[in-house]
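>>> Sharing a model prediction with you, sequence too.
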Amino acid sequence: KQEVTQIPAALSVPEGENLVLNCSFTDSAIYNLQWFRQDPGKGLTSLLLIQSSQREQTSGRLNASLDKSSGRSTLYIAASQPGDSATYLCAVRQGGSEKLVFGKGMKLTVNP
Amino acid sequence: DTAVSQTPKYLVTQMGNDKSIKCEQNLGHDTMYWYKQDSKKFLKIMFSYNNKELIINETVPNRFSPKSPDKAHLNLHINSLELGDSAVYFCASSQSGLAGTDTQYFGPGTRLTVL
């Protein structure tokens, strides 16, 4: 059974720092991995999707990497801003399934 | 606007009642999902439909019955509501098939409170 873990559960940093958010998963037979952002009281916004054959994806100040064999992904946020404050969720899609398995998320607070 | 929309946004009801949540997507996707986010913010899939056919059913009580009248709509009907059903329910959609196009897009959520 796939389990997705995100540690730590919360992080508070001053503005301007470069951040690394971690995600680990127990079953490496994944189809893809997706990073989402959730703002309080809102739905999820997809940030980046990495296929199992890819090593990384970039969008603006965000860079996500995937090491499938070790069951890890990281989301790198460059030059963090207060507007980056949100909960970040990692989710993996198993091969042969439409199902996404989510981590419990990491609540990020970027202080001005 | 192209999006996944859900109604209602908030739903407060008594135990034992029956209620429905509606979801519509105008993204042209062929797969739709219902997720439940509990009080600890843990997000877990409940159902998935592909072209109106059920493809995922994750050990959800049979009081929950999804209905997909067409591939742009996936409604969730809940019978005999219980206190433990209180949660935020998210609808999502994606396009199956080609790798890289299967990003899931989420609706804004429906916060259900059972009293």
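Everything's here; your move.
>>> Could you find the closest non-adjacent residue to residue 108?
Since no chain was named, I'll use chain A. Spatial nearest neighbour of A:Leu108, excluding adjacent residues (C-beta to C-beta, 6 or more residues apart in numbering or on different chains): A:Leu11 at 5.3 Å. (C-beta placed from N, C-alpha, C; glycine too.)
>>> that's the other chain; I wanted chain B
A:Gly43 (4.5 Å).
>>> is it true that the one you found touches B:Arg111?
No - using C-beta atoms under 8 Å, A:Gly43 is not in contact with B:Arg111, being 11.4 Å away.
>>> Compare those two and say which is more crowded by neighbours.
A:Gly43 (21 against 16; other C-beta atoms under 10 Å in any protein chain shown).
>>> who touches that one in this structure?
The neighbours of A:Gly43, taking C-beta atoms under 8 Å, 6 or more residues apart in numbering or on different chains as the test, are B:4, B:90, B:106-109.
>>> buried stuff in the host helix or strand of the residue nearest to A:Leu108?
Taking DSSP states H and E as the criterion, A:Leu11 maps to strand A:10-14. Neighbour-count burial for strand A:10-14, counted by 16 or more other C-beta atoms under 10 Å in any protein chain shown, picks out A:11, A:13.
>>> partners of that strand, with directions?
Within its sheet, strand A:10-14 is paired with strand A:106-111 (parallel), according to DSSP bridges.
>>> how about the strand it pairs with: buried residues?
Applying 16+ other C-beta under 10 Å to strand A:106-111 flags A:106-108, A:110 as buried.
>>> which bits of chain A sit near chain B?
Within chain A, the positions near chain B by C-beta under 8 Å from any C-beta of the partner chain are A:32, A:34, A:36, A:41-46, A:49, A:51, A:53, A:87, A:89, A:91, A:93, A:97-102, A:104-105.
>>> Show the buried residues in the residues you listed.
A:32, A:34, A:36, A:43-44, A:46, A:49, A:51, A:87, A:89, A:91, A:93, A:98-102, A:104-105.
>>> Which of those residues fall in strands?
Of the positions in these, A:32, A:34, A:36, A:44, A:46, A:49, A:51, A:87, A:89, A:91, A:93, A:100-102 sit in strands, assigned by DSSP state E.
>>> is it possible to export the residues you listed to CSV including pLDDT?
Listed next are these as CSV, based on pLDDT from 0 to 100:
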residue, pLDDT
A:Asn32, 91
A:Gln34, 94
A:Phe36, 95
A:Leu44, 90
A:Ser46, 91
A:Leu49, 92
A:Gln51, 90
A:Thr87, 96
A:Leu89, 96
A:Ala91, 95
A:Arg93, 90
A:Leu100, 87
A:Val101, 91
A:Phe102, 93
